[in-house]
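*Asks:* pasting the sequence and the predicted coordinates here, then a few questions.
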Amino acid sequence: MNPDAVFKAYDVRGRTDNGELDAGLYRMIGGGFVELVGKGDIAVGRDCRESSGVLFEGLVSGLTGAGADVIDLGEVPTDLIYFYSGKHGVPGAVITASHNPPQYNGLKLCRAGAAPVGADTGLEEIKAFVVAGNATESMARGSIRKVDAVDDYVTHLLGIVDPSTIGPLRVAVDGGNGMAGVTVTKVFDRIGASLDGLYLEPDGTFPNHPADPIQLENLQDLIAKVTREKPDLGVAFDGDADRAFFIDDEGSPVSGSTVTALIARWMLSRRPGAPIIHNLITSRSVPEIVTEAGGVPIRTRVGHSYIKQVMAESGAVFGGEHSGHYYFLDNYRADSGMLAMLILMRVISEDGRPLSVLRRDVERYASSGEINFEVENPRAAMARVESAFQQSEIDHLDGLSIDLGDAWFNLRPSNTEPLLRLNVEAANPETVKEAVDRVESILLDRT
């Protein structure tokens, strides 16, 4: 067991096929979580991965052994855990590896009210508990009770987005055989739009394609369906359904920055002057549009625990990330792919123009999208890049951001995979390509 390998910046993540994650580790994490948040009710859910059941048993053993009472919410999307934590004022835990391959798993934690637990807000303390080999045994072992909260969650979503505001849209949804299928059909049963589903049955082997829709190759089935059948909108969810990715009516992917700008503009039409969060990788068009709409843009690091914390500090009503995470004040500041889908459907319904036209209002720059690099020594590779751009404006809010004047880029290590991630934006595709080629040459030490 190597805690340094699996405790990340804002969750636990690792492999189950090589001993990185096992029930014993989860038992210790359960004890450490109770040390952090105290005894009482703790809501626990899990995704459909084949390893999730065993890890659930380990986590529950640790929680109940330390005297906490477990509310077993079953196999559910991550955003349902945040909802339950927010509504009922209890800490939460969900066993999931989100978009990672089947041999991975992980754990996301929150305090009561869906407040995040990341490296700076409790995860390091839990890691220290595990490293020390501590064991917390209560005189009275905690209880376990099963609760089905799916209908309650759907009611919550439709309390935020009035079903009567959504027109008779046709929507194609790719669940990726992840957890979106648990809630999406119940959502569409209660709105006027029609659902055409693809891979909605949860299956932790992900037999059709990886549940990682940020990768274009995993959107191909949905794009083909939209191109062929011409619905108003295509939606793809990641494995634990806290992220949503969108395809317009012409079959073209819509970036997280575009969705963030559209939702932010809509939010500000109802809450003038409000703060809006965007992470540092979103397009420069996002803070521009927020400002033009009378809002206050706030730039943050990447990652849900950071964004939720800044939302709480700033009173922001909405936050968006390039990676398809969208956060809502009305949803206990938590991210929800399902709620993002509903709000975007309302935006389209109220505007009357197709998304392929509507998106042009907020798309101002060319971008590379996220490009992943495997390098032998990420720290040394990033140092080479920084050295090569010493004459440019540099900041280190999250990884390395460099402003080239006519372009900018961010290079940062992944929090969940052994990769460096590059995002480049410029006024035109040619300038984007020049910047990508230059950074790639430095990263791969071809200079």
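*Replies:* Sure thing, it's come through.

*Asks:* so how far is G295 from the residue nearest to V347 when sequence neighbours are not counted?
*Replies:* Of all residues not flanking V347 in the chain, W266 sits nearest, at 5.0 Å (CB to CB, 6 or more residues apart in numbering). (C-beta placed from N, C-alpha, C; glycine too.) In this view, W266 and G295 are 11 Å apart by CB to CB, to the nearest Å.

*Asks:* so between the two, which is more surrounded?
*Replies:* Taking neighbours as other CB atoms under 10 Å, W266 and G295 compare with G295 leading, 23 against 18.

*Asks:* show me what contacts the residue nearest the centre of the chain?
*Replies:* Nearest to the mean C-alpha position of the chain, counting by CA atoms, centre = their mean, stands H325 at 4.0 Å. By CB atoms under 8 Å, 6 or more residues apart in numbering, the residues touching H325 are D242, R243, G256, H304, I307, D335.

*Asks:* how does it look with 7 Å?
*Replies:* D242, R243, H304, D335 (CB atoms under 7 Å, 6 or more residues apart in numbering).

*Asks:* give me the buried positions along stretch 207-227.
*Replies:* Buried residues in stretch 207-227, counted by 16 or more other CB atoms under 10 Å: 208-214, 218-219, 221-223, 225-226.

*Asks:* tell me the domain ranges of this protein?
*Replies:* According to automatic domain parsing, the chain comprises the domains 3-148, 168-254, 256-361, 366-443.

*Asks:* name the residue most distant from the centre of the chain?
*Replies:* M139 (38.2 Å).

*Asks:* gap between S269 and R360?
*Replies:* Plainly put, S269 is 18 Å away from R360 if you go by CB to CB.

*Asks:* helices of the stretch 51-200 of the chain, start to end?
*Replies:* Along the stretch 51-200 of the chain, counting by DSSP state H, counting those that start in this stretch, helices occupy 52-65, 78-88, 124-131, 150-160, 181-188.

*Asks:* where does Y326 land on pLDDT?
*Replies:* For Y326, the pLDDT comes out at 98.

*Asks:* phi, psi for it please.
*Replies:* Note on Y326: backbone dihedrals following degrees, to the nearest 10 are phi -130, psi 130.

*Asks:* quick check: it touching G320?
*Replies:* Yes - the criterion here is CB atoms under 7 Å, and Y326 meets it with G320 at 5.2 Å.

*Asks:* need the overlap of contacts for the two.
*Replies:* Between them, Y326 and G320 share these contacting residues under CB under 7 Å, 6+ apart: I263.

*Asks:* go through the helices of the stretch 51-200 of the chain and name the closest to A366.
*Replies:* With CB to CB as the criterion, A366 lies closest to helix 78-88 of those, at 31.8 Å.
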